[in-house]
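>>> Need the 3D shape of this:
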Amino acid sequence: MIKKILMAAAISAAVAPIAQAATEQNKSSSAILLQGFHWHSHTSSSWYNTINSNAQSIADLGVTHVWFPPPSDSAAPEGYLPRQLNLLDSQYGSEAQLTAAIAALKTKGVNSVADVVINHRVGTTNWGDFTNPTWGTWAVTCDDEWPSSTGECDTGDGYAAARDLNHVNTTVQTDITNWINQRLKGVGFSGIRYDYSKGYSPYYAGLYARVTNPDFCVGEIWTDLNYNNVNAHRQQLMDYVNGTSGACGALDISTKGLLNQALSYNEYHRLSINHAPAGGIGWWAQKMVTFVDNHDTGPSESCGVGQNHWPVPCDKVMQGYAYVLTHPGIPSLYWAHVYDWGLYNNIKTLVDIRKAQGITSTSSVSIAAATTGLYAAVIDNKVAMKIGPNAWSPSGTGWVLAASGSNYAVWTKGAPQQTDYKRTVVFVYGVTSTGQDMFIRGGIDHGYASSVLGKTCTETNYECAIPIRHNNLLNATTAPWKANDNYLDWYGRESAQSSAAQGTAADWTTDLWPSGWGALRTVAVDGYGVAPLNVYGQHYWMMDVDMDCSKTVNGWFELKTFISNGPGWEPDVNQSGKPYSSGNHFGQCGKINVFQRGSSSATFVNF
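From the prediction side, this is the model:
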């Protein structure tokens with residue numbers, strides 16, 4: 001330790017004094033981290049440009065920090081075999097593109113975290129000819145695979161794919177801190193995520209953090225998890241944090257592994273030890289960064305594609321987010337889930353709840369159930385959540401369902417959710433005969449509502465119906481049927497609706513009106529006929545309403561068509577990408593939705 005202290009004094013003298021500011025890991029933090037890449041992101045023509053172009057949607061998601069891939073030149077395209085540290089051109093893009101992406105995020109109030117890979121390094125042309133910065137054999141630990149190494153012995157685990165760096169050496173320390181302070185901070189980075197942190201003593205991670213003063217600091221301590229001895233595993237996380245003298249937090253690998261086991265094998269009891277969260281957040285939540293999957297553990301663009309070293313089951317990812325986004329610790333979102341898997345809206349709903357309810361890295365957790373098929377908890381006495389196939393709802397009054405999906409639900413306390421009406425259009429292709437009209441019925445599936453949302457839906461309470469307001473009342477035939485039609489529901493005619501109505505009436509539309517059909521008919525004038533939004537063809541029946549999106553399932557609603565005087569209900573379909581199991585079409589509130597009767601196809605278009 002005396003030698004370490006002397007080295008620390010030397011490195012501190014080599015840089016100007018810096019006033020220490022509290023990192024997110026040193027306070028009750030409301031930060032949300034987004035891992036801004038996946039394992040295949042380097043194959044993009046410029047991944048940095050992709051991040052840049054998504055800066056607004058990242059900010060809208062509620063993210064406060066984006067974790068970038070390793071920024072330096074690397075022998076591996078993913079960036080994890082760093083070569084010339086000071087060269088910031090990589091497979092993800094140029095230094096100029098990196099700087100522009102970070103600046104674009106900064107203008108939206110989002111900070112950037114660098115993936116700092118300093119456990120190891122490769123030579124420019126061979127095992128150890130390090131350049132930019134230039135180091136000698138003394139920069140490599142004595143027990144490395146390279147026979148020419150002359151440095152002090154390793155202070156952590158070895159890494160055979162590259163040369164293990166000698167962090168005891170003052171030149172190595174100074175060059176690393178200069179790289180962070182001058183090059184990384186120079187392009188705009190403000191935070192650090194240490195890669196392969198078990199490879200060197202946490203003392204040095206803390207030393208670099210104190211000298212470079214990041215606003216976010218977290219290390220990766222990924223070791224095997226024995227599910228029958230979880231305490232030993234999370235003690236390693238505590239040891240790392242203590243080893244940095246509290247300067248940095250740790251990725252909560254313990255919670256990650258327990259979520260894997262719970263979601264894969266229905267063992268939700270794994271998430272509780274002595275009625276407290278069983279992962280690192282159960283011991284020191286303030287220092288933990290929780291996550292569902294990342295570039296190493298999970299898939300990339302789609303399920304089964306990517307590294308998949310330790311993934312959460314693909315169909316249970318949202319259960320994972322329902323856990324980490326309602327619990328203490330700083331939650332990390334995964335780019336692939338948000339942007340490639342189409343989960344942006346579902347995840348945003350949970351982020352919005354976390355922020356609106358003031359959940360932080362130090363929030364309290366009261367576990368209500370942790371057993372086979374069910375985990376349920378109340379956080380800060382103002383958010384309740386449950387994951388797993390078994391039913392549960394919070395006891396007491398004042399709870400309002402705020403989000404739900406396949407085997408997860410989240411409630412908040414307070415006034416009922418405000419209405420959120422958005423124009424929503426549904427086109428359904430269906431050929432009819434004279435005297436036949438198309439009606440649309442829908443809402444939320446009763447079985448799903450009962451098992452997941454804790455609702456008992458009936459024809460009288462309309463708990464599974466969605467409020468609507470018709471925009472097209474010009475069709476002389478359908479306008480009387482639309483009068484007093486206030487819900488998209490499963491039941492057909494509403495009590496004050498015309499006896500001829502058999503659901504929510506749709507209007508026949510086309511994209512073209514041949515001259516042989518006679519006088520031109522348009523939706524704008526006649527309520528049927530040519531519709532500007534119909535770019536699909538003839539026989540697309542249209543429902544044009546303002547819909548209360550707050551009553552949908554994270555923006556999703558079900559629907560099925562009914563044709564009067566003959567065909568009746570359409571058959572079940574099997575639409576891909578649906579939020580939960582059902583034989584109905586799934587539409588998205590606030591969008592143009594295009595379907596074909598009896599077909600599983602679905603198209604969603606923004607207005």
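>>> what's the neighbour count on the residue nearest to G151 when sequence neighbours are not counted?
Among residues not flanking G151 along the chain, N166 sits closest, at 3.2 Å (C-beta to C-beta, 6 or more residues apart in numbering). Just so you know, the C-beta spots here come from the backbone N, C-alpha and C atoms, and that holds for glycine as well. Residues contacting N166 under the criterion other C-beta atoms under 10 Å number 25.
>>> wait, N166 sits on T141?
Yes: taking contacts as C-beta atoms under 8 Å, N166 lies within contact range of T141: 5.1 Å.
>>> who touches both of the two?
Common neighbours of N166 and T141 (criterion: C-beta atoms under 8 Å, 6 or more residues apart in numbering): 151-152.
>>> Name the next helix or strand downstream of the worst-scoring helix or strand of the chain on mean pLDDT, please.
None of the helices or strands of the chain scores lower by mean pLDDT, DSSP states H and E than helix 2-13, at a mean of 39. Where DSSP states H and E defines the elements, the next helix or strand beyond helix 2-13 is strand 33-35.
>>> so what secondary structure elements neighbour the helix or strand just after that following strand?
Downstream of strand 33-35, the next assigned helix or strand under DSSP H and E is helix 47-53. Under the contact criterion of 3 or more C-beta pairs under 8 Å, 6 or more residues apart in numbering; DSSP states H and E, helix 47-53 touches helix 95-107.
>>> Name the residues that touch the helix it packs on?
46, 48-49, 51-52, 55, 58-59, 66, 68, 71, 88-89, 92-93, 111-112, 187-189.
>>> ok, the residue nearest to G151 - contacts?
138-141, 151-152, 172.
>>> Now tabulate those residues in a markdown table and tack on distance to G158, neighbour count and secondary structure.
Shown next, in a markdown table, are the contacts of N166 (distance: C-beta to C-beta, whole Å; neighbours: other C-beta atoms under 10 Å; DSSP: H, G, I helix; E, B strand; the rest coil):
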| residue | distance to G158 | neighbour count | secondary structure |
| --- | --- | --- | --- |
| W138 | 18 | 16 | helix |
| A139 | 15 | 23 | helix |
| V140 | 11 | 30 | strand |
| T141 | 8 | 26 | coil |
| G151 | 13 | 23 | coil |
| E152 | 14 | 16 | coil |
| V172 | 17 | 24 | helix |
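>>> what sits against the residue found closest to K287 once you drop the neighbours it is linked to in the chain?
With sequence-adjacent residues excluded and distances taken as C-beta to C-beta, 6+ apart, K287 is closest to G249, at 3.9 Å. Contact analysis of G249 by C-beta under 8 Å, 6+ apart lists 23-25, 217-219, 241, 286-289, 330.
>>> per-residue confidence at P17?
We have a pLDDT of 32 for P17.
>>> And for V172?
The predicted local confidence for V172 is 98.
>>> Quick check: it touching W135?
Yes: V172 is within contact range of W135, at 6.8 Å (criterion: C-beta under 8 Å).
>>> Same question for Q286, what's its three-state structure.
Using DSSP: H, G, I helix; E, B strand; the rest coil, the structure places Q286 in helix.
>>> was I right about it contacting S28?
Yes: in this structure, Q286 is within contact of S28 by C-beta under 8 Å, at 7.1 Å.
>>> Which one of these two is surrounded by more residues?
The neighbour comparison of Q286 against S28 (other C-beta under 10 Å) goes to Q286, with 20 against 13.
>>> still on that earlier bit, run through the bridge partners of the residue nearest to K287.
V218 (DSSP bridges).
>>> can you put the contacts of N166 in a markdown table and add distance to V594?
Output for the contacts of N166, formatted as a markdown table (distance: C-beta to C-beta, whole Å):
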| residue | distance to V594 |
| --- | --- |
| W138 | 66 |
| A139 | 61 |
| V140 | 61 |
| T141 | 61 |
| G151 | 64 |
| E152 | 66 |
| V172 | 60 |
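>>> what's the closest of those residues to M547?
Minimum distance to M547 across the contacts of N166 is 60.5 Å, recorded for V172 (C-beta to C-beta).
>>> need the contact list for that closest one.
Per C-beta under 8 Å, 6+ apart, neighbours of V172: 135, 139, 165-166.
>>> How many residues are close by H65?
23.
>>> how much space between it and D215?
According to C-beta to C-beta, to the nearest Å, H65 and D215 sit 8 Å apart.
>>> Same check on G435?
69 Å.
>>> If you count surrounding residues, which of these two has more?
D215 (18 against 8).
>>> Please tell me how far the more buried one sits from L33.
12 Å.
>>> Could you do V218 as well?
V218 sits 8 Å away from L33 when distances are taken as C-beta to C-beta.
>>> Who has more neighbours out of those two?
Each of V218 and L33 has its neighbours counted (other C-beta under 10 Å); V218 has more, 30 against 25.
>>> Just the pLDDT at the more buried one, thanks.
On the pLDDT scale, V218 gets 98.
>>> now the helices for the stretch 101-250 of the chain?
Assigned by DSSP state H, counting those that start in this stretch, the helices in the stretch 101-250 of the chain fall at 170-178, 202-212, 230-243.
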